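Engineer: sharing a sequence plus its predicted fold:
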Amino acid sequence: MNIGIVGHEAKKFIPLTEQMAKELIRQLLEPANSVLVSGHCHLGGIDIWAEEIATLLGKPKLIYAPEHHSWDRGYKPRNIKIAENSNVVHSIVVAKYPPTYEGMRFEDAVTGEPYCYHCNNNTHVKSGGCWTAKYAKSLGKQGFIHVLETENG
């Protein structure tokens, strides 16, 4: 079974949520017939951790790195390939930005909470992985969004 695993870049994680993400990835790749499908994000995080764990578990991999670092010519075509070549897509995201996060933020204008415009809610930080899971669902496949949350967010 081809299992798409996508989600946040490394700097959106704290050590605890990184540990939680890696454990979830291990669980998702546990079935004997699992094949990892992912996107080799140049910023690290879920894609790279999934590749590393698949290697440790001896799992085959289908990796679709973006050809360009832009939405239309890179990330979108890559995400479409991930969805099309997966039986199920799992997007792994965090509920809150880490205190040290200095990148682009998307926040609810009223509450100030992180906002994911792909999911149209403020339960987690925005991720292109959510777009990929939703696209997989539009193809009639399963798509899941796993929100990692700690006591501090």
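Structural biologist: The structure has been received and is ready for your questions. All figures in this text were calculated on a predicted structure; none of them were measured in a lab. Numbering: from 1, shown residues only.

Engineer: for the closest residue to residue 64 other than its chain neighbours, which three-state class applies?
Structural biologist: Distances taken as Cβ to Cβ, 6 or more residues apart in numbering put residue 81 closest to residue 64, at 4.4 Å, once the chain neighbours are dropped. From N, CA and C alone the C-beta is placed, and that goes for glycine too. At residue 81 the chain is in helix, as set by DSSP: H, G, I helix; E, B strand; the rest coil.

Engineer: residue 81: how many residues sit nearby?
Structural biologist: 18 (other Cβ atoms under 10 Å).

Engineer: low-confidence stretches in this protein?
Structural biologist: 152-153 (pLDDT under 70).

Engineer: gap between the residue nearest to residue 64 and residue 133?
Structural biologist: Distance from residue 81 to residue 133, counting by Cβ to Cβ, to the nearest Å: 14 Å.

Engineer: max-length helix in this protein?
Structural biologist: helix 15-28 (DSSP state H).

Engineer: contact partners of that helix?
Structural biologist: Helix 15-28 has contacts (Cβ atoms under 8 Å, 6 or more residues apart in numbering) with 3, 5, 7, 10, 13, 34, 46, 49-50, 53, 57, 90, 92, 94, 146, 148, 150.

Engineer: tell me the buried residues in that helix?
Structural biologist: Across helix 15-28, burial judged by 16 or more other Cβ atoms under 10 Å covers 17, 18, 20, 21, 22, 24, 25, 28.

Engineer: check which element follows that helix along the chain.
Structural biologist: Moving toward the C-terminus from helix 15-28, the first helix or strand encountered (DSSP states H and E) is strand 35-38.

Engineer: residues making contact with that following strand?
Structural biologist: With Cβ under 8 Å, 6+ apart, strand 35-38 has contacts from 1-6, 29, 46-47, 50-51, 54, 59-64, 82, 85-86, 89.

Engineer: in strands, which of the residues you listed fall?
Structural biologist: 2, 3, 4, 5, 6, 61, 62, 63, 89 (DSSP state E).

Engineer: is there a quick ChimeraX command that grabs whichever of those residues are buried?
Structural biologist: Buried members of the ones in strands among the contacts of strand 35-38, identified by 16+ other Cβ under 10 Å, are gathered into one ChimeraX selection as follows:
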select :2,3,4,5,6,63,89
